[in-house]
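Chemist: have a look; sequence and predicted model below, questions after that.
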Amino acid sequence: MLIYLVLIIVAAVTLFPFLYVLLVSFTPLVEVPNVSKSILYIPKQVDLSAYGQIFETDTIPQAYKISIFVTVVGTLLSLLVTVLTAYPLSRKNLPGRGILLFMIVFTMLFNGGLIPTYLVVKSLRLIDKIWALIIPSLVSAFNLIIIKNYFLTIPDSLEESVKLDGANDFVILFKIMLPLSAPMLATIALFYAVGYWNAFFNAILYINNSNLYPLQVVLRQILFSASSNIVLDIETTKASLLTVRMAVIIVATVPILMVYPFLQKYFTQGILLGSIKE
């Protein structure tokens, strides 16, 4: 009973900020001064003016397109490159395997720094290009190690039996390894997708064209601006700045939350890495 009580309290504390933001985003303009008088303000009536205001211009829809493109394409490319790197590293007969693993793990502890990284991106002519939001963070060393370790748990005898039938490494990877690794791949895909969707630092560094701003950068501008009109380019304000900010937070959060129910079962299985035994 105590465990359930603790879990209920933790769930309530976790959901409270999201519920607060949701309720404030529905608050009519005349009720906004009363929001600060209560810890959890419940509006007397539902007003969608804040949501209507943020979609009156192309700022939010355009940012949505950029974020969706970066998330979908970035996740697919990251998974492909990570898998193609992790599989050879999981083969114990790979020449120089130890050195390559050391170099990959080394990047988890040390990196080139902000300025050298910017100079590399600039030399690749990615400044003000949408690929600057994907390529610099294409592969996560942490995710690569997880995939590599998962491949190690798959019995070698399975690979050897397939090779006897004439299968090459690509057939083994795409026909054997990946189907057996579906829960793990779904988990890593979720990690990559959440990372791409929430990323804004690369856009601040490498993107100057406002038409290429992802949703998180627009959200940051609205949260830190003195008026939503500056970012959204709206002449008249039908809702307060507070409700507009909360509405943008909801708009930016809901899409990624909708992905979790579809991947939850794979996530639960994927975290149990090493469950396959020979």
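Modeler: That came in fine, so what should we check first? Residues are numbered from 1 along each chain as shown.

Chemist: now the helices for the stretch 101-250 of the chain?
Modeler: Assigned by DSSP state H, counting those that start in this stretch, the helices in the stretch 101-250 of the chain fall at 114-123, 141-153, 156-164, 169-171, 178-180, 182-198, 201-206, 215-224, 228-232, 241-270.

Chemist: could you tell me the least trusted of these?
Modeler: Ranked by mean pLDDT, these bottom out at helix 228-232, with a mean of 54.

Chemist: ok, Ile176 - how many residues close by?
Modeler: 16 (other CB atoms under 10 Å). Where C-beta positions appear, they are placed from N, C-alpha and C, glycine not excepted.

Chemist: cool, and Ile256?
Modeler: A total of 16 residues lie near Ile256 under the criterion other CB under 10 Å.

Chemist: any idea how far it lies from Gly113?
Modeler: Distance from Ile256 to Gly113, counting by CB to CB, to the nearest Å: 30 Å.

Chemist: and if you look at Gln62?
Modeler: 32 Å.

Chemist: neighbour-wise, which of the two wins?
Modeler: Ranked by neighbour count (other CB under 10 Å), Gln62 and Gly113 place Gln62 first, with 17 against 9.

Chemist: can you tell me the helix or strand for that one?
Modeler: helix 59-90 (DSSP states H and E).

Chemist: and that helix, which residues are buried?
Modeler: 59-60, 62-64, 66-67, 70-71, 74-75, 77-79, 82-83, 85-87, 89-90 (16 or more other CB atoms under 10 Å).

Chemist: what does stretch 10-28 give?
Modeler: 20-28.

Chemist: and what of stretch 152-164?
Modeler: 152-154, 159, 162.

Chemist: do the same with stretch 97-105
Modeler: 101, 104.

Chemist: report the separation between the residue nearest the centre of the chain and Ser78.
Modeler: By CA atoms, centre = their mean, the chain has its centre lying nearest to Val194, at 1.6 Å. Separation of Val194 from Ser78 (CB to CB) stands at 12 Å.

Chemist: likewise for Leu119?
Modeler: Distance, Leu119 to Ser78, by CB to CB: 23 Å.

Chemist: ok, now Asn34?
Modeler: 46 Å.

Chemist: re the thing from before, isn't the residue nearest to the centre of the chain right next to Ile256, touching?
Modeler: Yes - counting by CB atoms under 8 Å, Val194 touches Ile256, with 6.1 Å between them.

Chemist: can you tell me the average pLDDT over stretch 91-110?
Modeler: Rounded mean pLDDT across stretch 91-110 is 86.

Chemist: and that stretch, how far out from the chain's middle?
Modeler: Relative to the centre of its chain, stretch 91-110 is centred 26 Å away, using CA atoms, centre = their mean, to the nearest Å.

Chemist: re earlier: now the buried residues of stretch 152-164 in TSV, with distance to Leu205?
Modeler: Formatted as TSV, the buried residues of stretch 152-164 follow (distance: CB to CB, whole Å):
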residue	distance to Leu205
Leu152	36
Thr153	38
Ile154	39
Glu159	42
Val162	45
